[in-house]
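Visitor: Provided below are the primary sequence and the corresponding predicted coordinates.
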Amino acid sequence: EEISGELVAALHGAGRVWLRTTSPLRVHGLAVNQGARVVLPSSDVRLDAEVEHSREGTRVRLTDLNVVTAAGDQLDGRGELAVKPDGEVAVQAGFDADLPALARAYVSAGPLTARGSMALSRSGEIIQVDRLETHLATADGRPLVDLSSPGGFRIDPRRRQITTLAGTAGEVLRVKYGRMTLEAPKPWLGFLELKGELTGGEFVVRTEGERLRVASAAPLRLENVSAMGGGMDLLKDLAVETDPSVDYSPQGATATLAGLQVRNLRGEVLLSAQASIAVATDFANARFEGTTSFDLSVPALAGQPLMAGMEPPRQGRLTGNVKFSFDHDLLGEGRLTLNGLVSSATGEALPVANLSFRAGLNDQGDIAVQAPILVDRAGERSDLTLAATLRPAIAGRTIDAKITGEHLAVDDVLVLLQAFSRPNRAPPRAPGASSVASPLPVAQGPAAGESAVAIVPGWSGLAGQVQLDVKSIAYGRLPEVLGLQGRVVIQPQRMALEKVTARLGTEDGRLQLDGEVRFVAGDPQPYKSNFDLEVSAFEIGPVFKAMDPGKPPTVEGRFDLHGQAEGAGRTLGELIRQTQGNLVLQSRKGISRLLARPAPPPSRSTGIVSGVANSAARLIDNIGEKVGKMVAYTDSTEEIAGMLSEVQFDQLNVRVSRDPSSNLRLTEFSLVSPIVRLQGEGIITHKPDLPLFNQPLKLTLSLGVMGTVEKAMTQAKAPMLSTNRDELGYLKSTDPFDVVGTLDQPDPGQLYMVVARSMIGKLLH
């Protein structure tokens, strides 16, 4: 804004020119910006200097430099620059500073003081540093950084070499630092914000021939370290310790973090690691390579905020190693292993998981990835391999990928996921061992924290396809799914499953699944879904057998299944919960044991009159005619129960839907056989802690009979039979009855109570 001062110039003999200030040169309101960044805020500058030029060279003396900012920062400097005709340059300088505000843009600390001095020269290509000192401290005198070069050093840029002035191996620079606050906010680390304190320490720079080594004199230590991301606490109260070093030579540099350890407040080692990266000094052909390995304690990690609400394994480790290199193309490979995991809930050993990967990035921006995944549990191995290529596109990237595998044990994968999931969002576990989620999700409203407005599809910026080819898939004790094939198609406004096929159980058993999720911009519920499932000749008996190997299956036979589902939601999570539909199961031949009377519990009498009446009849056969008739009627009940215990049916149809409480509604149940016809509806009540086949069942049925059953009930004069026949000719019963229990253990006891009660009532009447 304003410049003032006075200069005087003089010309002496022999070509000597002299120029100096007679009153200080002053600049008021000087500010320096670099783009949007303020380098020097508005400041007042005062300068006293003199310049002398002759045949011997040019000498500039800065006798006084004073800079004062509006915030009260002040810098006082002095120095001298000498330039000889042959190009040799010598510089000496010193400064003192009080920085109450200016340093805050660079260092997270309060008011600072600084002082320093230097003396260096340049002759030809060689730069010689004779003195170098810098001291930075807090306003109360607490040292922050002290930099000094006790013996001086030389720099040869052409040879890329630093040596001591004596030319021998030795120390060239020492950096001491005091305790200071660590602040690494979002602009530096993306979404991550770090806080903590760096304890005091020291770095030493030594030269050994052509090598230069920078190493800490004692381990570098950070305390009270915490990390936040996305507005959430991730890590807290950690101590980090490591031995960092950098080795430099004309051929390149290697940076190393040795003995890195992260401990929690209890002193437990959360993470042990080491890493190194080597960089070539040929900048025209940039090359670098690096390695890292680590060992993470899962139980120690459990105490950190990012695991809040979870019950991770009480034992186990995650170990890994990664290698990467760059020479025109970027290439990385590594291996991660989860091992020794023990469930907190059950105490059982969890599967071992291994992930290997190999990835490359070329100069066209193409990314190629190959990632085999192995999961091993008690000798059963699951293996999947992802091979994918991502290419740049106008609106993002295109993917061409394939997922292949010999075998996948779904329950092993799910139990691993469950071990690191919050309880209220735990994935389903294997049938016969834990809960099984129904295939028909229901509307439950948006989850907490989910956005109510979707702007772009969740897969925005990605298009292409993923091929599926897995030879076998096992889920608990269910029959294996064989030869799973199909593809996932990803488009800007659509993601679809196309012709996903597999073989189920028998050679004739087939599955086909097609479906899609669409995104309709501007719609209050922009995500729309619809799915179509077809299953043919699926053998259902082995499913029941898997649930209870010691019991005959409730139903046997080959079933065709058709399912349709659709839904809408504001987010993908809401869409999943609100997609619902219907399943229709049909079978033309099979066996039903739905009406089989359950076996009596050990050491307990069961039945209405069968056990007691038969025993009584054997013990006292002289009670009279009515007791004899009662026994006869009881024998008739047993005869009817025997006929219904295993029904060969010609047709079985079931229609299933799901209600808002996750209960399965059997809106239509129809069984037709040569001796019995059943019609009705029912419900399977959802219990999240039970497998589907062990959830409470209530099926209300109407009975129609013909053939041997009709004859037996007619001979027994059972009054529960009406005189009306249905459209197929079955003699109808007068009252419906309930089948309760579970799908695995149905209990038709009410039917036999009605049969026995009606016949005994007839007798007593």
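Guide: Here it is on my side, so go on.
Visitor: How about residues contacting stretch 168-183?
Guide: 107-109, 132, 137, 142-153, 162-164, 194-209, 212, 222, 225 (Cβ atoms under 8 Å, 6 or more residues apart in numbering). Every residue, glycine included, has its C-beta placed from N, CA and C.
Visitor: Which among these count as buried?
Guide: 109, 132, 137, 144-147, 149, 152-153, 162-164, 194-196, 198-199, 201, 203-207, 212, 222, 225 (16 or more other Cβ atoms under 10 Å).
Visitor: Run a quick neighbour tally on Ile403.
Guide: By other Cβ atoms under 10 Å, 20 other residues sit near Ile403.
Visitor: Show me what it is bridged to.
Guide: Beta-bridge partners for Ile403, by DSSP bridges, are Leu386, Leu468.
Visitor: For the remainder of this discussion, apply numbering that starts at 106.
Guide: Taking 106 as the first residue, the last one we looked at is Ile508.
Visitor: Could I get the contacting residues of it?
Guide: 489-491, 571-575.
Visitor: Give me the pLDDT value at it.
Guide: Reported pLDDT at Ile508 in the predicted model: 96.
Visitor: Distance check, it against Leu466.
Guide: 21 Å (Cβ to Cβ, to the nearest Å).
Visitor: Just the contacts of stretch 273-288: which are in strands?
Guide: In strands, judged by DSSP state E, the following of these are found: 237, 242, 248-253, 258, 267-269, 299-303, 306-313, 317, 327, 330.
Visitor: List the residues that contact Trp123.
Guide: 114-117, 155-158.
Visitor: In strands, which of those residues fall?
Guide: Those of the contacts of Trp123 lying in strands (DSSP E): 114-117, 155-158.
Visitor: Tell me the buried residues within those.
Guide: If you count burial by 16+ other Cβ under 10 Å, the buried members of the ones in strands among the contacts of Trp123 come out as 156-157.
Visitor: Show me which pair in the ones in strands among the contacts of Trp123 is furthest apart.
Guide: Greatest spatial distance in the ones in strands among the contacts of Trp123: Leu116 and Glu155, 14.6 Å, computed using Cβ to Cβ.
Visitor: So which elements touch the helix or strand harbouring Ser807?
Guide: Per DSSP states H and E, Ser807 falls inside strand 802-810. Judged by 3 or more Cβ pairs under 8 Å, 6 or more residues apart in numbering; DSSP states H and E, strand 802-810 is in contact with strand 769-777, strand 781-789, strand 836-838, strand 842-846.
Visitor: A helix includes Thr742, no?
Guide: Yes - judged by DSSP: H, G, I helix; E, B strand; the rest coil, Thr742 forms part of a helix.
Visitor: Quick check: the gap between it and Ala821.
Guide: Separation of Thr742 from Ala821 (Cβ to Cβ): 8 Å.
Visitor: For Arg392, which non-adjacent residue is spatially closest?
Guide: Using Cβ to Cβ, 6 or more residues apart in numbering and skipping the chain neighbours, the partner closest in space to Arg392 is Ala385 (4.3 Å).
Visitor: Tell me what that neighbour is bridged to.
Guide: Assessed by DSSP bridges, Ala385 has beta-bridge partners Gly357.
Visitor: Look at it and say how many residues are nearby.
Guide: Close neighbours of Ala385, defined as other Cβ under 10 Å, add up to 15.
Visitor: That one reaches Pro355, doesn't it?
Guide: No - Ala385 is beyond contact range of Pro355, at 10.4 Å (criterion: Cβ atoms under 8 Å).
Visitor: tell me which residues of stretch 695-703 are tucked away?
Guide: Buried residues in stretch 695-703, counted by 16+ other Cβ under 10 Å: 695-702.
Visitor: could those residues be laid out in CSV, adding pLDDT, secondary structure and distance to Gly437?
Guide: Compiled in CSV, these are given as follows (pLDDT from 0 to 100; DSSP: H, G, I helix; E, B strand; the rest coil; distance: Cβ to Cβ, whole Å):
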residue, pLDDT, secondary structure, distance to Gly437
Gly695, 96, strand, 55
Ile696, 96, strand, 57
Ser697, 96, strand, 58
Arg698, 95, coil, 58
Leu699, 95, coil, 58
Leu700, 95, coil, 63
Ala701, 93, coil, 61
Arg702, 86, coil, 65
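Visitor: so which of the residues you listed would you say is closest to Leu826?
Guide: Nearest member of those to Leu826, counting by Cβ to Cβ, is Leu700, at 16.0 Å.
Visitor: I figured the closest one was touching Gly747, is that so?
Guide: No - counting by Cβ under 8 Å, Leu700 stays clear of Gly747, with 10.8 Å between them.
Visitor: part of a helix, is Thr819?
Guide: Yes - according to three-state DSSP, Thr819 belongs to a helix.
Visitor: what's the residue nearest to it when sequence neighbours are not counted in contact with, if anything?
Guide: Nearest non-adjacent residue to Thr819, counting by Cβ to Cβ, 6+ apart: Leu826, 7.1 Å away. Leu826 makes contact with 810, 815, 818-819, 836-839, according to Cβ under 8 Å, 6+ apart.
Visitor: quick one: buried residues of the helix or strand where Leu145 lies?
Guide: Secondary structure assignment for Leu145, by DSSP H and E: strand 142-159. For strand 142-159, a neighbour-count test (16+ other Cβ under 10 Å) marks 145-146, 148-154, 156-157 as buried.
Visitor: Show me what that strand packs onto, helices and strands only.
Guide: Taking 3+ Cβ pairs under 8 Å, 6+ apart as the contact cut, strand 142-159 packs with strand 121-139, strand 162-174.
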